[in-house]
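Enquirer: Provided below for reference: sequence and predicted model.
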Amino acid sequence: MRTRKGAFDPVRELGLGLPGVEESTMYGSPALKLKGKMLACMTTNKAADPDSLAVQVGFVNRDLLVAKDPKTYYLRKHYEGYPVVLVRLSVIARNELREILEMAHRHMSGTAKRKGRKVRRPQ
């Protein structure tokens, strides 16, 4: 794992201010979860840049973020099948980090609500 000590501190501070978010781990790496599901975690795959955060934002948002600001947001082959964007913590401004975590929270809250509904079958 190529993470400098303290890299997750601002993520923790901002993320724990969101409703229902709790600190946890994913693959031994610091993470934030919402209702037991990964919201954001420090990357562990060697393809990711050092001090990178994987944030669950959905495929569409991921593609928009990478297109808008490829210096901050990026993707590696290992992560293509997952609805996450990789964030270079060494580059992202604090207010942008707050916004991406809020985006992830909205995304995950919406997913949780949809999964709880019963699906109506066409008649």
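Expert: Arrived safely. Residues are numbered from 1 along each chain as shown.
Enquirer: so how far does stretch 72-90 reach from one end to the other?
Expert: Taking C-alpha to C-alpha, to the nearest Å, stretch 72-90 runs 9 Å from one end to the other.
Enquirer: So which bits of it are buried?
Expert: Within stretch 72-90, the residues scored as buried using 16 or more other C-beta atoms under 10 Å are 72-75, 79, 83-89. For every residue, glycine as well, the C-beta is placed using N, CA and C.
Enquirer: What is the distance between the helix or strand Leu32 falls within and the centre of its chain?
Expert: Using DSSP states H and E, Leu32 sits within strand 29-34. Distance, stretch centre to chain centre, for strand 29-34: 9 Å (C-alpha atoms, centre = their mean, to the nearest Å).
Enquirer: for that strand, packing partners?
Expert: The helices and strands touching strand 29-34, judged by 3 or more C-beta pairs under 8 Å, 6 or more residues apart in numbering; DSSP states H and E, are helix 9-15, strand 21-26, strand 37-42, helix 94-116.
Enquirer: Let me have the buried residues of stretch 72-90 in a markdown table, adding secondary structure and distance to Met38 as columns.
Expert: Converted to a markdown table, the buried residues of stretch 72-90 look like this (DSSP: H, G, I helix; E, B strand; the rest coil; distance: C-beta to C-beta, whole Å):
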| residue | secondary structure | distance to Met38 |
| --- | --- | --- |
| Thr72 | coil | 20 |
| Tyr73 | strand | 18 |
| Tyr74 | strand | 18 |
| Leu75 | coil | 17 |
| Tyr79 | helix | 12 |
| Pro83 | coil | 10 |
| Val84 | strand | 8 |
| Val85 | strand | 13 |
| Leu86 | strand | 14 |
| Val87 | strand | 14 |
| Arg88 | strand | 19 |
| Leu89 | coil | 17 |
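Enquirer: which two in these are spaced the farthest apart?
Expert: The largest separation in those, counting by C-beta to C-beta, is between Pro83 and Leu89 at 19.6 Å.
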